[in-house]
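Novice: sequence below, structure please.
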Amino acid sequence: MICPYFATIGGQLTKRKQVGACCIRYKAVTMTQVDFQTRIGSLERQHKKLARGYKTEMRDDGLIVVKPKRGQRGFPLRGLVLLVAGFFVFKGFMLASLGEVTYDERVSKLGNGTTAEQAGAWVMQSDPFTTFLAGLIEPLT
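Specialist: A predicted model of the protein is given here:
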């Protein structure tokens with residue numbers, strides 16, 4: 001086996017000892033590079049985890065250690081509340097812009113349609129909160 005380093009620079013080598021030493025040195029450099037790349041990858045993964053949030057704690061020996069926070073896996077309740085509130089505001093705008101009589105006529109026409117349209121009519125029907133929001137929005141339009 002001829003070492004790639006000496007094969008490209010020095011041509012053929014006749015002494016087996018030099019070839020073996022070169023290969024060992026070449027393998028050591030390659031393994032050092034692999035170890036270095038592995039450590040860099042580990043540091044990058046740790047950095048990404050810490051970028052999402054971290055907490056500090058003190059170990060029993062007094063060393064302060066930074067640990068990444070665990071991801072929040074719960075249901076996004078805030079998003080659901082904002083979605084429902086936005087839907088009620090939308091209904092209020094519709095009721096304020098169309099008027100109560102026209103809005104109720106359109107919802108009743110929707111109620112005479114298919115099952116999906118009937119479900120939409122049930123959701124879009126006028127309720128006290130929507131009427132209250134429409135009363136607040138109507139002077140603005």
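
Novice: quick one: low-confidence ranges for the protein?
Specialist: The chain contains residues with pLDDT under 70 at 1-29, 141.

Novice: would you map the strands across it?
Specialist: Along the chain, counting by DSSP state E, strands occupy 54-58, 64-68.

Novice: now mean neighbour count and distance to residue 98 too, for the ones you listed, in TSV please.
Specialist: In this view, the C-beta of every residue, glycine as well, is placed from N, C-alpha and C. Formatted as TSV, the strands of the chain follow (neighbours: other Cβ atoms under 10 Å; distance: least, Cβ to Cβ, whole Å):
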stretch	mean neighbour count	distance to residue 98
strand 54-58	9	52
strand 64-68	11	52
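
Novice: residue 48 is nearest to which of these?
Specialist: For residue 48, the closest of the strands of the chain is strand 64-68, at 8.8 Å, according to Cβ to Cβ.

Novice: tell me the spacing between residue 32 and residue 43.
Specialist: As judged by Cβ to Cβ, to the nearest Å, residue 32 and residue 43 stand 16 Å apart.

Novice: residue 98 too?
Specialist: Counting by Cβ to Cβ - residue 98 and residue 43 are separated by 60 Å.

Novice: give me every residue that touches the nearest residue to residue 122 once chain neighbours are set aside.
Specialist: Spatially, and ignoring its direct neighbours in sequence, residue 122 is nearest to residue 111 (7.6 Å; Cβ to Cβ, 6 or more residues apart in numbering). If a contact means Cβ atoms under 8 Å, 6 or more residues apart in numbering, then residue 111 has 117, 118, 121, 122 as its contacts.

Novice: the residues you listed, buried ones only, as a ChimeraX selection?
Specialist: Buried residues among the contacts of residue 111 (16 or more other Cβ atoms under 10 Å), as a ChimeraX selection:
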select :121
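
Novice: now distance to residue 48 too, for the contacts of residue 111, in JSON lines please.
Specialist: Supplementary listing: those in JSON lines, determined by distance: Cβ to Cβ, whole Å:
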{"residue": "117", "distance to residue 48": "47"}
{"residue": "118", "distance to residue 48": "49"}
{"residue": "121", "distance to residue 48": "48"}
{"residue": "122", "distance to residue 48": "46"}
